[in-house]
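Participant: let's see this in three dimensions:
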Amino acid sequence: MPIKHATSLEELPDLQAILARSGLAFIEDLIAGRLPAPPIGVTLGFVPIEATRGHVVFEGRPQFDATNPMRGLHGGWYGAILDSCMGCAVMTALERGETYTTLEYKVNITRALPLDTPVHAIGTLEHKGRSTAVARGELRGVADGRLYATGSTTCIVMRPEVV
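Facilitator: Presented below is the predicted three-dimensional model:
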């Protein structure tokens, strides 16, 4: 079943739905289409395709809508897909009852990515502690394996009370 993206806030999973699963189960449910994925993937042209504990792969293909004034791919596209794969790598290590958010991330663009080039954004967990987690990411061409960008992130791990 292909990924289904939410089209309204009401369709997005609520906090109860998120906290009821481990982070890995949540990402697996998005990939399998059992939960609707966030609309950012439709807007920017990327989806998660693979997840194991501490490892997530997104597939993307930048389109004209992500072009900057210099006719190249806007740096925000690199940042968005890397933030997504790195954050989801952190998510795969969360236990039931935990959630996270990005505290900071950094992106290094190593070469220009031509529009419509299929890429994989690979997120790998480096560390998950009680209150923070660290992950790294790589953006590579699907056809040639070329490195287009790297990233790193620090996330905060939270245990919200749900009433």
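
Participant: leaving out sequence neighbours, find the closest residue to Leu19.
Facilitator: Leaving out its chain neighbours, the residue that sits closest to Leu19 by Cβ to Cβ, 6 or more residues apart in numbering is Gly97, at 5.3 Å. (Glycine included, C-beta is placed from N, CA and C.)

Participant: from Phe46, how far out is the one you found?
Facilitator: 28 Å (Cβ to Cβ, to the nearest Å).

Participant: number of nearby residues for the residue nearest to Leu19?
Facilitator: Gly97 has 15 neighbouring residues, counting by other Cβ atoms under 10 Å.

Participant: my guess is it contacts Val157, does it?
Facilitator: No: with contact defined as Cβ atoms under 8 Å, Gly97 does not count as touching Val157 (10.7 Å).

Participant: which residues does the closest residue to Thr99 other than its chain neighbours contact?
Facilitator: Excluding the flanking residues, the one nearest Thr99 by Cβ to Cβ, 6+ apart is Met158, at 5.3 Å. Taking Cβ atoms under 8 Å, 6 or more residues apart in numbering as the criterion, Met158 is in contact with Glu98, Thr99, Tyr100, Thr101.

Participant: out of these, which is nearest to Gly72?
Facilitator: Closest to Gly72 out of these is Thr101 (29.7 Å), distances taken as Cβ to Cβ.

Participant: just confirm the closest one is within a helix.
Facilitator: No: Thr101 is assigned strand when assessed by DSSP: H, G, I helix; E, B strand; the rest coil, not a helix.

Participant: which residues of the protein fall in helices?
Facilitator: Ranges of helices within the chain are 15-19, 23-32, 40-44, 75-91, based on DSSP state H.

Participant: and the ones you listed as TSV, adding distance to Ala135?
Facilitator: What follows is those, written out as TSV (distance: least, Cβ to Cβ, whole Å):
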stretch	distance to Ala135
helix 15-19	19
helix 23-32	12
helix 40-44	18
helix 75-91	4
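
Participant: which one of those lies closest to Phe58?
Facilitator: Once those are compared by Cβ to Cβ, helix 75-91 is nearest, at 4.6 Å.

Participant: and the angle from the closest one to helix 23-32?
Facilitator: With axes from the mean of the first three to the mean of the last three Cα atoms, to 10 degrees applied, the angle from helix 75-91 to helix 23-32 works out at 130 degrees.

Participant: most centrally placed residue in the chain?
Facilitator: When Cα atoms, centre = their mean is applied to the chain, the residue found nearest the centroid is Ser84 (2.0 Å).
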